[in-house]
Structures are given as structure tokens and as C-alpha cells.
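Q: sharing a model that was predicted from the sequence below.
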Amino acid sequence: MQPTGTKTAAFRQALPLSFPIMVGFIFLGITCGMYASSLGLPWWMPTFMSIAIFGGSAEFVVASMLPGVFDPLTTFAVILVVQARHLFYGLSMLKPFAGMGRKKPYLIYALCDESFSINYGAHVPERIDRGWFMLFVSLLNQASWVLGCTLGGVFGNMIPLDIEGISFAMTALCVVIFLDQWLQEKSHVSSLTGLAASALALVLFGADGFLIPAMLIILAVMAVLRPRLESIYSSDDAPAADGSGAA
């Protein structure tokens, strides 16, 4: 059956799945905006970063580096490490993004953790155009992040605050995402592999250089275990996602 749904139908399908993420993004964006303001950055900088970068953890890192002597090469290397996981998301989305036409560049650009989880795992009715569904998911998530960062930047400049440890919000978010995925998945093999690989890489390479080795270990193990995982999820191609705490 060819998709017969309109853009409105795709939007209505995407909104309920994106809404919990949007609420979280608004509050987390406020945190990011206030953090940037506490470092002395202008109110519009969080808004600009949320549009140009759209990477939560990356924006926290960039904000912390901007007040000092800016080193583009170091910043690029740090952000590459912080966002390296997106390389693996991209590989997973090669097939879903195929044939998306003019939507594809934005879908690639806006591929964050949460949009990936919804777009990859959601069961979209055949009558709904999946391309428009994925576009609206990504657009809604980014719009809420931009709104949150803008509010945080404005309020942070109006009410100067000295916020210690505010970047821990990203750690808390990742923990919640992990727990939600743990509860949804049929097999914990991939989650346990991620934990074990991260711990091993941390011991071998230290806190400053463990991320990429951990990702490579995970990729190698998942490649070996792929037949087993495919048999587990053969009844439905991917774990069901309801958007309540997408990664």
C-alpha cells in the first residue's frame, strides 16, 4: 500500500511521540541557555548554537570553551569525540533515509539521540508518509530545543546566576534514556555490551579518550552478534518506541 496520508496526518502521528521529548528539551534547553549566560555569553548565543549545532552535549562543551581563547582545532576534536555516537546512528539510518529526496539533508542534520530512537523504532501506519513523519519528529524536537535555549539565554541574562554543576543534566538525561531503553528491549545483550565496552575502554584509555574505542568495540561485538539479535527481533524489525523516553 502506498502512503496516502497528508502532511497533517504525518504531523498528528509524530506529535504524540515527540511531545514527551519536546517537554524535556524545553527544560534542558533552558538549562543550557542559563549555563551559557552564566559564563558571560550574550543571550542570543544559546539560540544560535541550538540552530547551528543542535547537539545538546556539544553545546554545553562549546559554551564552556567560548569564554576563553578559542581554538578551532581543539574544539573540533573535542566535539568529534563527544558526538562520535552519531556516526553509528547514521549507519543505522541509511535504509530509513533512502529515497527521502529533499527531506534527507535536514533529516541527517537533525539526527539527535531522541529523534533517532523515535524514527528508527516507531511503527508508522502504511497510510502515513514515513518521510514526512520523520521530518516532523526531527523538526518538533529541534524547535522545542531552540525555544528552551532561547528562554534560558534571555532569563539567564535578566537574572544573573552562578550555576555550579549544571552540565550534570546531560548525565542525568543519558541515565534516564538508558533505563527507559532497558525496560523496552527484548534482550539486554546490546545494553550490557555497551556497559562492558565502555568500562573496558575507560580502564584502557582513560576518561579523556575512551569514547571512540568504546564505540568501536561495541560496533565489532554487535556485528558478531547481529544474527542472534535479528532472530530475537524477527517478529518486529525494531524495538517498539512510544516516545516516552526515546534515546
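A: Right, received. Where do you want to start? Residues are numbered from 1 along each chain as shown.

Q: contacts, neighbours, all on C-alpha from now
A: Noted.

Q: tell me how many other residues crowd residue 129.
A: 19 (other CA atoms under 10 Å).

Q: hang on, it packs against residue 10?
A: Yes. Counting by CA atoms under 8 Å, residue 10 is a contact partner of residue 129 at 6.4 Å.

Q: may I see the buried residues of the lengthiest helix in the chain?
A: Identified as the longest helix of the chain according to DSSP state H is helix 7-38. By neighbour count with 16 or more other CA atoms under 10 Å, helix 7-38 contains the buried residues 10-11, 13-15, 17-22, 24-38.

Q: same question, stretch 196-203
A: Quick answer for stretch 196-203 (16+ other CA under 10 Å): 197, 198, 200, 201, 202.

Q: what's near enough to touch the third one?
A: Right, residue 200. residue 214 (CA atoms under 8 Å, 6 or more residues apart in numbering).

Q: what's the helix or strand for it?
A: If you go by DSSP states H and E, residue 200 is part of helix 189-205.

Q: helix or strand right after that helix?
A: Taking DSSP H and E, what comes next after helix 189-205 is helix 211-232.

Q: so, low pLDDT: which residues of the protein?
A: 1-5, 81, 160-174, 176-177, 180-181, 229, 232-247 (pLDDT under 70).

Q: need the three-state assignment for the residue lying closest to residue 40 once chain neighbours are set aside.
A: Spatial nearest neighbour of residue 40, excluding adjacent residues (CA to CA, 6 or more residues apart in numbering): residue 67 at 7.3 Å. Here residue 67 takes the coil state, with states given by DSSP: H, G, I helix; E, B strand; the rest coil.

Q: and the one 3 residues further on, by the same measure?
A: Classification of residue 70 by three-state DSSP places it in coil.

Q: give me phi/psi at it?
A: phi -80, psi 130 (degrees, to the nearest 10).

Q: which residues does residue 143 contact?
A: Residue 143 neighbours (CA under 8 Å, 6+ apart): none.

Q: which strand or helix spans it?
A: helix 130-158.

Q: center of this protein, which residue is that?
A: residue 113 (2.1 Å; CA atoms, centre = their mean).

Q: next, count neighbours for residue 112.
A: 21.
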